[in-house]
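Student: Sequence plus the predicted model coming up.
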Amino acid sequence: MVLIYEDSEISIKKKKKNEFVMLIKNWDGDYNKFWDNFPVSLMKVVKIDAKSEDTQEIVIKAEKMEMLSDLIKRNKTMDYTDCLVLLKDIGNQIQSLEMFNMGIPFFKPSDILVVDSRHYFIINTSRILMVSNKTLTINTPYKRSSFFTPELQELTGIPAKISWKSAYYSLASLVLTCLTGEFLLGNKSSAGEILDKLYATKLYWALMRCLETEPKDRYYLII
């Protein structure tokens, strides 16, 4: 089988043509609500087998699975429609996690699974944290990412608390890069200047709402 993704809790391998196997450990652990709702419920599941008391093997039907990082490495950028779907898919998954008081401080392209080149799923759960009083508590030092939020860039030590809205900024920053090939972090141009050619489009306003520097002004809405 061909390995697509692997971390301490999950592996995804191509079993045969049009079939992939997802092995999830710690199914009944802290993130079981995540796996029950996303991404498993949104995929074409062929069967689910309990391999052990806390490990599930899920066979999924799909033409293709790859990580967003591999797609971007190959294509450099994505078109407008695909970026809008990326924002919608991951944004909706963030909001679903929030229903269970969970949040994510930031994303990287290697965290997101692309299915059949048109559906996007959070697959790396290692940075999912519990939300308390609308904040996430950072207890682990993170390697600097191009998709850090302003509040993460300003951290000087841990433990530290940041807004639960950090995920929206990071996702929008990632989508901006997928769309334009430019990184917002360290760029002399503002988000509005980078996205100038898309001014007044649905995606432009959705990204700008998420990219507010102050978390209190930041929100996820696609109209």
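Tutor: Cool, the structure landed.
Student: Regarding the protein, what is its longest helix?
Tutor: Across the chain, the longest stretch assigned as helix under DSSP state H is helix 80-99.
Student: Mind giving me the packing neighbours of that one?
Tutor: strand 119-122, helix 166-180, helix 202-210 (3 or more Cβ pairs under 8 Å, 6 or more residues apart in numbering; DSSP states H and E). For every residue, glycine as well, the C-beta is placed using N, CA and C.
Student: which of these sits most buried?
Tutor: helix 166-180 (a mean of 25; mean count of other Cβ atoms under 10 Å).
Student: next SSE after that one?
Tutor: helix 191-194 (DSSP states H and E).
Student: centre of the chain versus that next one, how much separation?
Tutor: Distance of helix 191-194 from the chain centroid (Cα atoms, centre = their mean, to the nearest Å) equals 22 Å.
Student: again, but for stretch 153-166
Tutor: Chain-centre distance of stretch 153-166: 18 Å, with Cα atoms, centre = their mean.
Student: got the end-to-end distance for that stretch?
Tutor: One end of stretch 153-166 sits 11 Å from the other (Cα to Cα, to the nearest Å).
Student: What of stretch 138-146?
Tutor: With Cα to Cα as the measure, stretch 138-146 spans 18 Å from end to end.
Student: residues in contact with it?
Tutor: Residues outside stretch 138-146 that contact it (Cβ atoms under 8 Å, 6 or more residues apart in numbering) are 105-106, 108, 127, 129, 148, 152, 155, 158-162, 173, 177, 183, 185-186.
Student: Which positions within it qualify as buried?
Tutor: Residues 138, 145 are the ones in stretch 138-146 that count as buried (16 or more other Cβ atoms under 10 Å).
Student: Quick one: distance of it to the chain centre.
Tutor: Computed by Cα atoms, centre = their mean, the separation of stretch 138-146 from the middle of its chain amounts to 16 Å.
Student: The residue lying closest to residue 111 once chain neighbours are set aside: neighbouring residues, count only.
Tutor: Nearest residue to residue 111, sequence neighbours excluded (Cβ to Cβ, 6 or more residues apart in numbering): residue 124, at 3.9 Å. Using other Cβ atoms under 10 Å, residue 124 is surrounded by 18 other residues.
Student: mind checking how far residue 77 is from residue 176?
Tutor: Residue 77 is 11 Å from residue 176, where distance means Cβ to Cβ, to the nearest Å.
Student: got the phi/psi numbers for the closest residue to residue 72 other than its chain neighbours?
Tutor: Spatial nearest neighbour of residue 72, excluding adjacent residues (Cβ to Cβ, 6+ apart): residue 109 at 5.5 Å. Note on residue 109: its backbone torsions stand at phi -60, psi -30 [degrees, to the nearest 10].
Student: Likewise for residue 135?
Tutor: Here residue 135 shows phi and psi, under degrees, to the nearest 10, equal to phi -130, psi 160.
Student: OK, contacts around it?
Tutor: Counting by Cβ under 8 Å, 6+ apart, residue 135 touches 161-164.
Student: Which members of those are classed as buried?
Tutor: 162-164.
Student: could I have the helix-or-strand element of the chain with minimal mean pLDDT exported to PDB, CA atoms only?
Tutor: Least confident helix or strand of the chain, by mean pLDDT, DSSP states H and E, is helix 32-37 with a mean of 74. Extracted as PDB, the C-alpha positions of helix 32-37 are listed here (Å, rounded to 0.1, in the frame of the first residue of the first chain):
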ATOM      1  CA  ASN A  32     -13.400  11.000  19.300                       C
ATOM      2  CA  LYS A  33     -16.000  13.700  18.600                       C
ATOM      3  CA  PHE A  34     -13.700  15.100  15.900                       C
ATOM      4  CA  TRP A  35     -13.500  11.700  14.200                       C
ATOM      5  CA  ASP A  36     -17.200  11.000  14.500                       C
ATOM      6  CA  ASN A  37     -18.000  14.200  12.700                       C
END
